[in-house]
Structures are given as C-alpha cells and as structure tokens.
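**Student:** Structure of the sequence below:
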Amino acid sequence: MTKQLKDFHHYKGDELTRYEKVERKVIELIFTSDIPDEEREDSKFFEFVHAAGCMDIGRVLAQKRNLNTDVASVACILHDISTIVSGTYKDHAKLGAEIAKRILHEVGGFSQEETDTITQAIAHHSEKEIHSDDPYIELVKDADTFECSLYKNAEGFYRLHKAPDIFEEYVKRVKKVREELGLDPNQVWR
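**Tutor:** Numbers count the residues shown, from 1 in each chain. Presented below is the predicted three-dimensional model:
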C-alpha cells in the first residue's frame, strides 16, 4: 500500500494540525500586538525568534527523549506567551499558563491531560534551579535555556541579571543539552 503524498501547506488553509494552529496563533499575537517595542522588555522580533527557536529545539529534544513532539513543541512555543501578550516578564510563567490554557481550548484538539502537561510546563519553566520529575517541565526549561545560549552576549545578560547560583544552573542545563545533542558541552555560549 502506497502512502499518498500531500504538499506542505505553509501554514495556509484549513488543514493545519493542532500544533500548527497554536504556532500560527502565537505568531499572530506577536505581529498584531499594539504594544510597541519601546514599551516591551523584549522586541517583537526577539519574541518571534525565541518562540520559534524554542519550539524547534523542543521538537528535537522530545524526539531524543521519546516524548510527544506535539505536546513538547506547543509547550515550548507558548512558554513566554504572557510576555508576548503583555510585553513584560513580571510573573510571566504563572500568568502564561492561564493564557495558554485559553489558547489551547480555543484551538481545540488537546486532551485535558495534554493541556495540564503543557500548562504545568509553562507555569514552572522559569524555575531553572528546581529540578522536576516531570519530563515536559524539564524539556521546556532546557529548550529555553539552550536557545538563549545561542545569542551573542547571552552570557553577559545572565551574569548581570541572575544570581550566581542561578547562573550556574543555566550553565549546567546548557552543557547537558549540548552533550545530549552531540555538541561540545564546554562551548556553552555562542
């Protein structure tokens, strides 16, 4: 039996998967925000690049860790949804979980268990120094930290804005992910 091939839709039309619908929603929220960059903690451009980067890294890590790639990529693209909506990082993890829950219900297609997994990962992703038994919480923390490590001057940002013990947890996470992906674990920063 031959599988019928379908052409990729490029995020147009009615045949988007549930995770593609979430991705599209996040990008629309960034593009249509009325909050100008001057009033945001990060630019819309960074929010777009970071959300997309975390989503892709989350997919790769989910495959490496034998986790559900849909759940992982959705948790990753939504992890900073509160910042995308409000322009600020204040309480963004906890606030983001509630916004994500609304988006998941609006998009549809996610079970209650998947919604709970995604929202818990979002709610706890900023607690980099706390290690969880939940593989999705850890995946989002790792994807977020690793993705940020790829930016020029990320080390300076974290050294300036994080306590030394928290900074060291970021370094440990980046090294762990680099090793997991077969990269030099000692090259932590770009």
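**Student:** give me the low-pLDDT residue ranges for the protein?
**Tutor:** 1-2, 5, 9 (pLDDT under 70).
**Student:** please redo it, this time with the cut-off set to 90
**Tutor:** Along the chain, the model assigns pLDDT under 90 to residues 1-16, 152-154, 157, 161, 189-190.
**Student:** Nearest to the spatial middle of this structure, which residue is it?
**Tutor:** Nearest to the geometric centre of the chain sits Cys76, at 2.5 Å (Cα atoms, centre = their mean).
**Student:** residues contacting the closest residue to that residue other than its chain neighbours?
**Tutor:** Leaving aside its chain neighbours, Cys76 sits nearest to Gly58 (3.3 Å; criterion: Cβ to Cβ, 6 or more residues apart in numbering). Quick note: C-beta positions are derived from backbone N, CA and C, even for glycine. Gly58 makes contact with 69, 72-73, 75-77, 139-140, 143, according to Cβ atoms under 8 Å, 6 or more residues apart in numbering.
**Student:** repeat that for 6 Å
**Tutor:** Gly58 makes contact with 72-73, 76, 143 under the criterion Cβ atoms under 6 Å, 6 or more residues apart in numbering.
**Student:** hang on, the residue nearest to the centre of the chain packs against Ala143?
**Tutor:** Yes. Shown here, Cys76 and Ala143 form a contact pair, counting by Cβ atoms under 6 Å, at 5.0 Å.
**Student:** Which residues are in contact with each of these two?
**Tutor:** By Cβ under 6 Å, 6+ apart, Cys76 and Ala143 have these common neighbours: 54, 58.
**Student:** Would you mind measuring from the residue nearest to Cys76 to Glu41?
**Tutor:** Distance, Gly58 to Glu41, by Cβ to Cβ, to the nearest Å: 22 Å.
**Student:** Quick one: name whatever helix or strand follows the longest helix belonging to the chain.
**Tutor:** Scanning the chain for the longest helix, with DSSP state H as the assignment, gives helix 44-64. Remark: after helix 44-64, the chain's next helix or strand is helix 69-78, criterion DSSP states H and E.
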